[in-house]
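Trainee: no sequence for this one, just the structure:
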């Protein structure tokens, strides 16, 4: 669910602060299985931070200072999109899949159908 929401926000035409809350509220549900301290993850998070700062700076020059910086805002938006996709790939590569239950055998599906043997005393 987190990845679907993250993709929806990253590939959307419009980006607002509200969209970040859509996937940030789902992050605690899967954050314990993501390897946050890997080198790839730290690089991806750093790239995202730089892209956010680049976008904010270029948008500030366009909206507040009135400079003609439309191409810079477009380039910063592309950079921000690439950083989001890179972070998603890093999250998917760093996700640890763990078994939710333990079965008595390694054969798939047999854990559900096997009945426990009752010891007769």
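Mentor: Noted; the coordinates are in hand. Worth saying up front: this structure is predicted, and the values here are computed from it rather than measured. Numbering: from 1, shown residues only.
Trainee: only C-alpha atoms from now on, for both contacts and neighbour counts.
Mentor: Will do.
Trainee: for residue 69, what are its contacts?
Mentor: 58-59, 61-62 (CA atoms under 8 Å, 6 or more residues apart in numbering).
Trainee: again, 10 Å this time
Mentor: Residue 69 makes contacts with 58-63, 75, as judged by CA atoms under 10 Å, 6 or more residues apart in numbering.
Trainee: before we move on, what about residue 30?
Mentor: With contact taken as CA under 10 Å, 6+ apart, residue 30 is in contact with 1-3, 95-96.
Trainee: and for residue 40?
Mentor: Contacts of residue 40 (CA under 10 Å, 6+ apart): 46, 86-87, 89-91, 93-94.
Trainee: filter these down to the ones in helices?
Mentor: 46, 86-87, 89-91, 93 (DSSP state H).
Trainee: could these be laid out in TSV, adding distance to residue 40 and neighbour count?
Mentor: As requested, these are exported to TSV (distance: CA to CA, whole Å; neighbours: other CA atoms under 10 Å):
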residue	distance to residue 40	neighbour count
46	10	14
86	10	19
87	9	22
89	10	16
90	6	22
91	9	20
93	9	13
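Trainee: closest one of these to residue 34?
Mentor: residue 91 (6.5 Å; CA to CA).
Trainee: my guess is that closest one contacts residue 44, does it?
Mentor: Yes: assessed by CA atoms under 10 Å, residue 91 is found in contact with residue 44 at 9.2 Å.
Trainee: give me the common contacts of the two.
Mentor: Joint contacts of residue 91 and residue 44 (CA under 10 Å, 6+ apart) are residue 85.
Trainee: ok, the residue nearest to the spatial centre of the chain - contacts?
Mentor: Geometric centre of the chain, nearest residue: residue 88, 4.4 Å, by CA atoms, centre = their mean. Contacts for residue 88 (CA under 10 Å, 6+ apart) come out as 3, 6-7, 10, 41, 44, 82, 94.
Trainee: if any of these are buried, give me the PyMOL selection for them.
Mentor: Of these, the buried ones can be selected in PyMOL as follows, counting by 16 or more other CA atoms under 10 Å:
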select buried, resi 3+6+10+41+44+82+94
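Trainee: make sure residue 32 is indeed in a strand.
Mentor: No: per DSSP: H, G, I helix; E, B strand; the rest coil, residue 32 lies outside any strand segment and is helix.
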